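S.K.: Need the 3D shape of this:
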Amino acid sequence: MNKKSLMVLILFLIFILTGCSRAQLNGIPKGYIDSYEFYEEDGFMDYDDFAFYVYESKETFVNDKNYDKVGKNIEDVKGYFLTLANRLNDDDRLGDFIFDYEIIDENDYVRIKTSEGEPIGDREYGKYDNYDVYFFDVESLTLYYIHSNR
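M.R.: So this is what the prediction gives:
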């Protein structure tokens, strides 16, 4: 059995034994009432994911110390979404990406996990090489999750 098959089997067993969904493994807070997920089926090393989750209130994110207000970082947050959109477009998968950049404002909440600056071989990760962004739009009560690793 090759490494990829073994990894898929292990993840499958984790899902079954723990009852976890992929959303929970990705750190998506529980309590969402609706969702749209487009996770790359064969995503193992280099892959891109997009999902959104609708909540009944904003309290989960307002009270979570891992989330910050977007504030003046609107263009920074947009940069991650634009990078993902370009990659999905290159892979002819842009139809799976449902996002309006105009909804990002300073009152929304964001959590960004990035490998920027960490070593990889003989170089370091760049800003858009490996990241997870959790963007919560206060007006629509929607959490957008994106992952890209290229």
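S.K.: can you list contacts of stretch 46-62?
M.R.: Defining contact as Cβ atoms under 8 Å, 6 or more residues apart in numbering, one finds that stretch 46-62 is touched by 23, 26, 28-29, 31-40, 43, 67, 84, 87-88, 91, 93, 96-99, 109, 136, 138, 140-150. For every residue, glycine as well, the C-beta is placed using N, CA and C.
S.K.: ranges for the helices of the chain?
M.R.: 3-18, 22-25, 59-62, 74-90 (DSSP state H).
S.K.: Distance check, Val110 against Asp92.
M.R.: Distance, Val110 to Asp92, by Cβ to Cβ, to the nearest Å: 28 Å.
S.K.: returning to that earlier point: if any of the contacts of stretch 46-62 are buried, put those into a ChimeraX selection.
M.R.: Taking 16 or more other Cβ atoms under 10 Å as the burial criterion, the selection of buried members of those in ChimeraX is written as:
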select :23,28,29,32,37,38,39,40,67,84,87,88,96,97,99,109,136,138,141,142,143,144,145,146,147,148,149
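S.K.: end-to-end on stretch 27-46?
M.R.: 19 Å (Cα to Cα, to the nearest Å).
S.K.: Okay, now the unreliable bits of the protein?
M.R.: Counting by pLDDT under 70, the chain has low-confidence residues at 1-26, 41-45.
S.K.: make it 50
M.R.: Applying pLDDT under 50 to the chain flags residues 6-9, 11-22, 24.
S.K.: any chance you could map the strands in it?
M.R.: 34-38, 47-54, 68-69, 109-114, 119-120, 123-124, 130-137, 142-149 (DSSP state E).
S.K.: what does the first one rub up against?
M.R.: Meaning strand 34-38. Contacts of strand 34-38 (Cβ under 8 Å, 6+ apart): 22-23, 49-54, 93, 96-98.
S.K.: Same question for the last one.
M.R.: Contacts to strand 142-149, defined as Cβ under 8 Å, 6+ apart, come from residues 23, 26, 28-29, 32, 45-55, 61, 80-81, 83-84, 87, 99, 128-137.
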